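**Student:** Task: produce atomic coordinates for the following.
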Amino acid sequence: MDVDWFDFELPERLIAQTPLLERTASRLLALNKRTGEIEHRTFTDLEQYVQAGDVLVLNDTRVMPARLMGMKSDTGAKVELLLLKQLEGDRWETLARPAKRLKVGTALSFGDDGNGNPLLRASIEEEGDMGARVIRFEYEGIFPELLDRLGEMPLPPYIKERLEEKERYQTVYSKHEGSAAAPTAGLHFTKAFLERLQNKGVKIAYVTLHVGLGTFRPMSAEKVEDHEMHAEYYELDETNAKLIREAKAEGARIIAVGTTSSRTLETVAQRFGDKPIQACTGWTSIFIFPGYAFKLVDALLTNFHLPKSTLVMLVSALAGRDRIMAAYQAAIAEEYRFFSFGDAMFIY
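**Tutor:** Coordinates of the predicted model:
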């Protein structure tokens, strides 16, 4: 299956640069995955598409201030790190720029303690492809506090505008810090709108998947089947496993909010096979593309994704590639806002 099969032309003006003033003010494209019918609505119309007993599954990860700006200790040349995943202790998987100049053994420094000394030191221990580096940090104090002080919110590279309010790149239900990017489908919700859905009888469940390289790294292979996803950490506790398990047994719909929630749910489903799901934690590198049969997810709320991305492939697995491409063309014609701060799509 060619990666180019999932390509499309997107006018740059449709890439949303800033979040809307009101989270729920986004538009909503509703796609019936069985008939291909498309409706153009507003986000709060989601209430008309859900029903009592449905379970809305949210990813409650919280974005770290994961972008560090520093310099090479020997030359003072500027460097940039994006923290992706803590490996063990003070070792981290990162994306580094400019990667060509950052070889094993290179010493880096970040911040200033006021006496000319860096607040954070680092050394490169391993080199990977496409800018991947394993870094070991050295510091005095508490690492999360230093990260809060020195780090910046890791907005995607296609967003050129400065984000004035950092919390707008967090969901209102974010809880467990550890992501290098936001689960952006959840950015549309307010606490008040979630309460409205609950008052209708919709149940809310939570999973945690810390978004890392697996979610947003671009495809490097020409054939879909040749792409390998990087592992991301997930958690599902017993309270939420029970809620999802019982709803599925009763025939209620499981509605994933975002591709990260979808991948977590499908990972858990694969882990337990024909048995009821249970609380679990682990690492997932699941890659969902057309031909995959969903086991837990019945419907999906998501944003509009990049051409030729693994996320376009995931939604194509749920609704069919032709219907997704038709929906994307309709969204472009109607000038929907795309990507992280853009509009929403409900596949049901």
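
**Student:** which residues touch the nearest residue to Y292 once chain neighbours are set aside?
**Tutor:** Leaving aside its sequence neighbours, Y292 sits nearest to A317 (CB to CB, 6 or more residues apart in numbering; 4.5 Å). In short, each C-beta sits where N, CA and C put it, glycine included. Contact analysis of A317 by CB atoms under 8 Å, 6 or more residues apart in numbering lists I288, F289, P290, G291, Y292, F294.

**Student:** Could you dump the residues you listed into TSV with secondary structure and neighbour count added?
**Tutor:** Shown next, in TSV, are the contacts of A317 (DSSP: H, G, I helix; E, B strand; the rest coil; neighbours: other CB atoms under 10 Å):
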residue	secondary structure	neighbour count
I288	coil	23
F289	coil	18
P290	coil	19
G291	coil	10
Y292	coil	15
F294	coil	18
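
**Student:** For those residues, give me a markdown table that also has pLDDT.
**Tutor:** Conversion of the contacts of A317 to a markdown table gives the following (pLDDT from 0 to 100):
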| residue | pLDDT |
| --- | --- |
| I288 | 98 |
| F289 | 98 |
| P290 | 98 |
| G291 | 97 |
| Y292 | 98 |
| F294 | 98 |
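
**Student:** which one among the residues you listed gets closest to K175?
**Tutor:** Closest approach between the contacts of A317 and K175, by CB to CB: I288, at 25.0 Å.

**Student:** could you say which helix or strand contains V134?
**Tutor:** strand 132-139 (DSSP states H and E).

**Student:** Contacts for that strand, please.
**Tutor:** Residues contacting strand 132-139 (CB under 8 Å, 6+ apart): 81, 87, 90-96, 99, 102, 108, 119-128, 143, 146, 213.

**Student:** Output the helix or strand following it as CSV - backbone C-alpha positions only.
**Tutor:** Using DSSP H and E, the next helix or strand after strand 132-139 towards the C-terminus is helix 143-150. Written as CSV, here are the backbone C-alpha positions of helix 143-150 (Å, rounded to 0.1, in the frame of the first residue of the first chain):
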residue,chain,number,x,y,z
PHE,A,143,14.2,18.1,37.4
PRO,A,144,10.5,18.9,36.8
GLU,A,145,11.0,22.3,38.5
LEU,A,146,14.0,23.0,36.3
LEU,A,147,12.0,21.9,33.2
ASP,A,148,9.1,24.3,34.2
ARG,A,149,11.6,27.1,34.5
LEU,A,150,13.6,26.4,31.3
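
**Student:** what comes up buried for whichever helix or strand comes after helix 143-150?
**Tutor:** For helix 143-150, the succeeding helix or strand toward the C-terminus, using DSSP H and E, is strand 176-179. Neighbour counts over strand 176-179 (16 or more other CB atoms under 10 Å) mark E177, G178, S179 as buried.

**Student:** Check the average confidence over strand 176-179, would you?
**Tutor:** Strand 176-179 comes out with an average pLDDT of 94.

**Student:** Fine by me, we can end here.
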